[in-house]
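Peer 1: All I have is the shape, not the residue letters:
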């Protein structure tokens, strides 16, 4: 019997391990054994100042960030609305104005308080 956990995204029992990551052949999701999925109890995403982040928050980028595979740069001060928290190294999914969908690390953003 396999000790591989089911996919946290689609709950498929067919996940397999490859080069230290777990992979789901049905939905293509990749995750680490060490990284709990977003929404697990005890896991809290925090911004650069330590403020707790939640789905739908608005954040500001605090450092110029190069976009992988492109010559574009996300400039410091870029406001990102409606973030979505996910598990993994890049724990924020969002749409950057003028660039498109992107994953960000919470350590490079600051929560905007109204």
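Peer 2: Alright, I've got the coordinates. Note that this is a predicted model, so its numbers are computed, not measured.

Peer 1: Could you list the buried residues of the least confident helix or strand in the chain by mean pLDDT?
Peer 2: One helix or strand of the chain scores below all others by mean pLDDT, DSSP states H and E: strand 30-32, with a mean of 79. Neighbour counts over strand 30-32 (16 or more other C-beta atoms under 10 Å) mark residue 31 as buried. All C-beta atoms are positioned from the backbone trio N, CA, C, and that covers glycine.

Peer 1: now the residue nearest in space to the middle of the chain: how far from residue 109?
Peer 2: Nearest residue to the geometric centre of the chain (C-alpha atoms, centre = their mean): residue 91, 2.3 Å. Distance, residue 91 to residue 109, by C-beta to C-beta, to the nearest Å: 10 Å.

Peer 1: Also residue 19?
Peer 2: Distance, residue 19 to residue 109, using C-beta to C-beta: 29 Å.

Peer 1: Between the two, tell me which one has more neighbours.
Peer 2: Neighbour count, other C-beta atoms under 10 Å: between residue 19 and residue 109, residue 109 has more, with 27 against 5.

Peer 1: follow-up on the earlier one: packing partners for the least confident helix or strand of the chain?
Peer 2: Based on contacts counted as 3 or more C-beta pairs under 8 Å, 6 or more residues apart in numbering; DSSP states H and E, the elements that strand 30-32 packs against are strand 21-23.

Peer 1: Buried residues in the strand it packs on, which are they?
Peer 2: Buried residues in strand 21-23 (16+ other C-beta under 10 Å): 22, 23.
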